[in-house]
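Visitor: everything below, folded, please.
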Amino acid sequence: MDLQTPTQAVVRPVSARERAATAARTGGKPALEFTERVPYDTYVRASTLHQLQQPLSDDPGEMSFLVVSQIMELYFNLTCFELRNAQRLLRADDVWGALAPLRRAGLHMEGLNAAWRGLRWMTPADFNRFRDLLGEGSGFQSAMYRHMEFLFGPRDPALIRPFRRQPEVHAELRATLDAPSLWDDVLALLARRGFRIPDEILHRDFSEEHTPSAEVEQAWIRIYADPGPANQLWLLGESLTELSEQFGDWRHHHLKAVQRTMGAKVGSGGSAGLAWLQRAMARVVFPELWSARTSM
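Guide: Residues are numbered from 1 along each chain as shown. Below you'll find the predicted structure:
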């Protein structure tokens with residue numbers, strides 16, 4: 001199947017005056033005649049998107065499984081886009097500016113979590129009808145999810161090994177793994193604002209996961225002592241708390257979906273399945289934001 005999109009197709013900008021003229025010509029009805037490709041399809045590439053669903057079986061349930069998986073991939077990418085925007089602004093000390101992409105990332109995570117609802121109908125019998133055809137394919141192998149996870153903070157260099165045969169994908173994951181996470185950039189910002197953040201945290205090997213610190217916890221206790229609207233760091237902490245909750249919810253929904261459709265069976269990619277996900281849930285994102293609450 002040809003999935004290529006004409007490279008010459010471009011969206012022609014239209015002014016408010018042109019839109020008004022079109023509305024006057026059509027009597028307010030939608031325009032139905034175009035000299036080239038439909039502009040919506042030129043921009044969204046909808047015809048290309050709808051060619052990307054190629055199930056491996058005739059089972060109707062597989063279409064749901066495939067489309068929901070693809071929707072999640074798009075949300076992973078969108079969330080990564082916003083987290084990287086937030087990192088760029090935090091590095092420039094623009095806390096206020098960073099709140100907008102963090103807010104959008106939280107809303108995208110809500111959409112990501114809602115996508116699980118599309119699979120709540122699936123029982124073990126439903127999944128088993130096409131599971132074997134997936135071979136060793138597993139969500140564990142999602143490169144974009146790994147980018148998102150690394151940006152949130154959890155780190156494990158071994159998790160990029162499956163992509164060694166895809167040099168470009170592997171190199172991109174390695175770059176994300178070696179770079180500061182969102183939490184690392186937040187802690188660097190706190191250090192620049194005068195909070196005592198240990199050097200071994202600020203200048204460590206970023207491919208290693210952050211170890212919770214009493215000094216970082218104290219910094220957040222001080223920040224939360226002033227909940228006034230002028231305290232941008234308090235607002236930052238609340239935005240990060242929302243993101244952490246949404247990420248935890250995604251892990252929980254993933255675990256429940258696996259439990260519902262597979263029980264404790266071995267995962268398609270060879271992992272322990274349910275047990276692996278349960279261990280992953282124990283790794284809290286932005287840990288000192290949570291531990292500090294005990295002393296607030």
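
Visitor: after the least confident helix or strand in the chain by mean pLDDT comes which helix or strand?
Guide: Scoring the helices and strands of the chain by mean pLDDT, DSSP states H and E places helix 274-281 at the bottom, with a mean of 72. The C-terminal neighbour of helix 274-281 among helices and strands, as given by DSSP states H and E, is helix 287-291.

Visitor: how about the CA coordinates for that next one, as PDB?
Guide: Only the C-alpha atoms of helix 287-291 are listed here, as PDB (Å, rounded to 0.1, in the frame of the first residue of the first chain):
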ATOM      1  CA  PRO A 287       9.800  12.200  44.300                       C
ATOM      2  CA  GLU A 288      10.700  15.100  46.600                       C
ATOM      3  CA  LEU A 289       7.500  16.900  45.600                       C
ATOM      4  CA  TRP A 290       5.600  14.100  47.300                       C
ATOM      5  CA  SER A 291       7.900  13.400  50.300                       C
END
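
Visitor: hmm, who's touching the least confident helix or strand of the chain?
Guide: 154, 248, 251-252, 254-255, 258-259, 262-264, 267 (Cβ atoms under 8 Å, 6 or more residues apart in numbering). C-beta here means a position set from N, CA and C on the backbone, and glycine is covered the same way.

Visitor: among those residues, which one has the lowest pLDDT?
Guide: Minimum pLDDT for the contacts of helix 274-281 is recorded at residue 267 (61).

Visitor: so where's the stretch 151-296 of the chain shaky on pLDDT?
Guide: The stretch 151-296 of the chain contains residues with pLDDT under 70 at 266-273, 276.

Visitor: show me the helices in it, by range?
Guide: Using DSSP state H, counting those that start in this stretch, the helices of the stretch 151-296 of the chain run over 167-178, 182-192, 199-202, 214-224, 232-262, 274-281, 287-291.

Visitor: would you mind telling me which of the ones you listed is nearest residue 79?
Guide: helix 232-262 (9.0 Å; Cβ to Cβ).

Visitor: between the closest one and helix 214-224, how many degrees?
Guide: Relative orientation of helix 232-262 versus helix 214-224 (axes from the mean of the first three to the mean of the last three Cα atoms, to 10 degrees): 110 degrees.
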